[in-house]
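> The sequence isn't on hand, but the structure is:
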Ligand code: FPP
């Protein structure tokens, strides 16, 4: 499906390979409509669906969504329970659509804290979409950037003790290799909706060079127009990776 806002995108000179999104503002959206906070999470699932399908259409390689942070367990029990139910239902209901859109689903984070039933559903949704060759959709669940770095350190320490890795071999590349989604490109666009301007312990190491984009739109209102605005902003930026602007422009000219 295309619409006029899709056509505008054809003019984009640069499309991010990997977009990471902190989907914030569900609770406030619901409160603004006089509804309970959890209604906002339900409405947020529609934005998830639309964003996934738009990214798949545009040819973005990876989309990582922050669905539940390591800190979200501190929310009221009822809200946590509703979120678990939502994940469970969405994982079941959306698989067909994901397959139709050639999307491969992957869950990142410490799943051991989830119920066995939910863990099984996560594994089966991943298995059912494993043949997808288009967009990789990563759902971060019970994920934290510091948790990721710590779990990498734990594995490295174990491999050093086992004699598989020499301690002198521990460098940035090696650490990267032990983190979640080491096989995928790092996020180059980091979006946070809902007007707050924080990283909230999302992918910290991997987003070291990501362009940050903060939108005031609350997640349930995040539509194709809002996504296109983020992509347009990304396309207009010059990514220098520590080099001078002049060096970057010379390199780009050479690649043309
Ligand atoms: C933050 O909004 C949002 C969350 C903690 C949950 C995100 C979950 C979804 C969008 C639903 C399902 C996701 C998938 C992948 C099926 P908030 O509650 O912190 O909003 P507030 O800042 O307005 O209170």
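Received it, and whenever you're ready, just let me know what you need. Just so it is clear, the structure is predicted and the values come from calculations on it, not from any experiment.
> switch to C-alpha atoms for all contacts and neighbour counts from now on
Will do.
> Could I get the contacting residues of residue 46?
residue 220 (CA atoms under 8 Å, 6 or more residues apart in numbering).
> Make sure I have this right: it is in a strand.
No: per DSSP: H, G, I helix; E, B strand; the rest coil, residue 46 lies outside any strand segment and is helix.
> what's the burial count for residue 24?
24 (other CA atoms under 10 Å).
> can you check residue 80 too?
Using other CA under 10 Å, residue 80 has 16 neighbouring residues.
> Just the element for the closest residue to the ligand within the stretch 151-256 of the chain, please.
For the stretch 151-256 of the chain, the residue closest to the ligand is residue 194, as judged by CA to the nearest ligand atom, at 6.6 Å. Using DSSP states H and E, residue 194 falls within no helix or strand.
> so it sits right up against residue 216, yeah?
Yes: counting by CA atoms under 8 Å, residue 194 touches residue 216, with 5.0 Å between them.
> These two - which one has more neighbours?
residue 194 (22 against 15).
> Tell me the predicted confidence for that one.
Looking at residue 194, its pLDDT is 98.
> which bits of the stretch 101-250 of the chain sit near the ligand?
residue 139 (CA under 6 Å from any ligand atom).
> And the helices in the stretch 101-250 of the chain, which stretches?
116-128, 145-161, 172-178, 224-235, 245-255 (DSSP state H, counting those that start in this stretch).
> Output these in JSON lines; the columns should cover mean pLDDT.
Listed next are those as JSON lines, based on pLDDT from 0 to 100:
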{"stretch": "helix 116-128", "mean pLDDT": "97"}
{"stretch": "helix 145-161", "mean pLDDT": "98"}
{"stretch": "helix 172-178", "mean pLDDT": "98"}
{"stretch": "helix 224-235", "mean pLDDT": "94"}
{"stretch": "helix 245-255", "mean pLDDT": "78"}
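> could I get these as CSV with mean neighbour count?
Converted to CSV, these look like this (neighbours: other CA atoms under 10 Å):
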stretch, mean neighbour count
helix 116-128, 15
helix 145-161, 16
helix 172-178, 14
helix 224-235, 17
helix 245-255, 10
